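# have a look; sequence and predicted model below, questions after that.
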Amino acid sequence: MKVLFISRGKLDSKISIITLNQGESIKGIGVSVDYYTIEDVGFMAYLKAIFKLKAFLKRNKYDIIHAHYSLTAFVVSIAGAKPLVVSLMGSDVKAKSYYRFIIKFFNRFFWSAIIVKSEDMKKILGIDQTIVAPNGVYFEKFTPLSKQKALGVTGWDKNKRHVLFAADPKRQEKNYILAKEAYDSMGIPDVDIHVLENIPNELMASYYNAADVIILTSLWEGSPNVIKEAMACNRPIVSTDVGDVSWLFGDSEGHFISSYDVKNVAENIERALEYAKEKKATKGRQRIIDLELDSESIAKRIIGIYSKVLKD
């Protein structure tokens, strides 16, 4: 089977790390995967991309085209790519309500299968045939590490405890303001707060393992990768009830669901810090295994979707 992954790219034309990780996991079990990026720089860029992609597909034949993100999928649809599987992320479904109407139109006339990351997304989207398949976790990369070695990578103070806000604070939907207000209200001098901003993906595991607690206070999510990655590193976590986080946590210890109340977030951070002090690690990794959310298991599910599309 030969598959083309298409995703919006950055100005350096590199495909997003989320899309790349999924493609490489599929490659790992015997499927041929190529990558094609569309620069995300405005309407004219997408318009030009239609003609470029159409010419590319005339020269190159694939069994399945897999588009990631809604805007990319719209371009790929108009370019005539078939059969077309589309993966939507949290912002595609939750950020702009009118997107859902456009998605439903394209799904009806152009798409062979549509994938979302959580049951919550499927419910909001309102398309019965939608398939739920979260992104998988690379266990080889995201694994428990020595905290002292991890602190050596991050450069954080080894005499303090550390809370990691697992997102870029400039993204408004990540709601850093709430996390910072909760942290400030705690007034604990030996605890520092850090953010995930411009951190290379290959260093992410070190940042998770250097942190005593991971926090996420997002307004919306699909199936947040940072939560699954932090769980795979057995870290205590505090998160708002977004996407599939409650399902991911289940009743496992060391994982705390918060409301959007500053006091509640602060209390849960303190509880998580105490958990980290007493037990140091959670059983989050085993929870991810039990849910079959490792990258290989998810890759097999994706290939199953491709096979069904080709049969239909």
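Nice, I can see it. Since we're looking at a predicted model, the values are computed, not measured.
# and residue 177, how many neighbours?
A count of nearby residues for residue 177, using other Cβ atoms under 10 Å, gives 12. The way it works is simple: take the backbone N, C-alpha and C, and place the C-beta from them, glycine included.
# hey, where'd the helices end up in the protein?
17-27, 43-59, 70-78, 90-94, 97-109, 119-125, 147-154, 176-186, 204-210, 225-232, 245-249, 262-279, 284-290, 295-311 (DSSP state H).
# TSV for those helices, including distance to residue 170 and mean pLDDT?
Conversion of those to TSV gives the following (distance: least, Cβ to Cβ, whole Å; pLDDT from 0 to 100):
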stretch	distance to residue 170	mean pLDDT
helix 17-27	18	91
helix 43-59	22	88
helix 70-78	20	93
helix 90-94	15	81
helix 97-109	22	90
helix 119-125	24	92
helix 147-154	20	96
helix 176-186	8	97
helix 204-210	17	97
helix 225-232	16	97
helix 245-249	22	97
helix 262-279	20	96
helix 284-290	27	97
helix 295-311	28	96
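# now, of those helices, which is deepest in the fold?
Mean neighbours per residue, mean count of other Cβ atoms under 10 Å, is largest over the helices of the chain for helix 225-232, with a mean of 25.
# for residue 238, which of the helices of the chain is the nearest?
The closest of those to residue 238 is helix 262-279. By Cβ to Cβ, the value is 4.6 Å.
# then that closest one to CSV, C-alphas only?
Below are the C-alpha coordinates for helix 262-279, written out as CSV (Å, rounded to 0.1, in the frame of the first residue of the first chain):
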residue,chain,number,x,y,z
VAL,A,262,-8.2,29.6,40.1
LYS,A,263,-8.5,28.3,43.6
ASN,A,264,-9.4,24.8,42.3
VAL,A,265,-6.5,24.7,39.9
ALA,A,266,-4.1,25.8,42.6
GLU,A,267,-5.4,23.2,45.1
ASN,A,268,-4.9,20.5,42.5
ILE,A,269,-1.4,21.6,41.7
GLU,A,270,-0.6,21.4,45.4
ARG,A,271,-2.1,17.9,45.6
ALA,A,272,-0.1,16.8,42.5
LEU,A,273,3.1,18.3,44.1
GLU,A,274,2.4,16.4,47.3
TYR,A,275,1.8,13.2,45.2
ALA,A,276,5.1,13.7,43.4
LYS,A,277,6.9,14.2,46.7
GLU,A,278,5.5,11.1,48.3
LYS,A,279,5.3,8.6,45.3
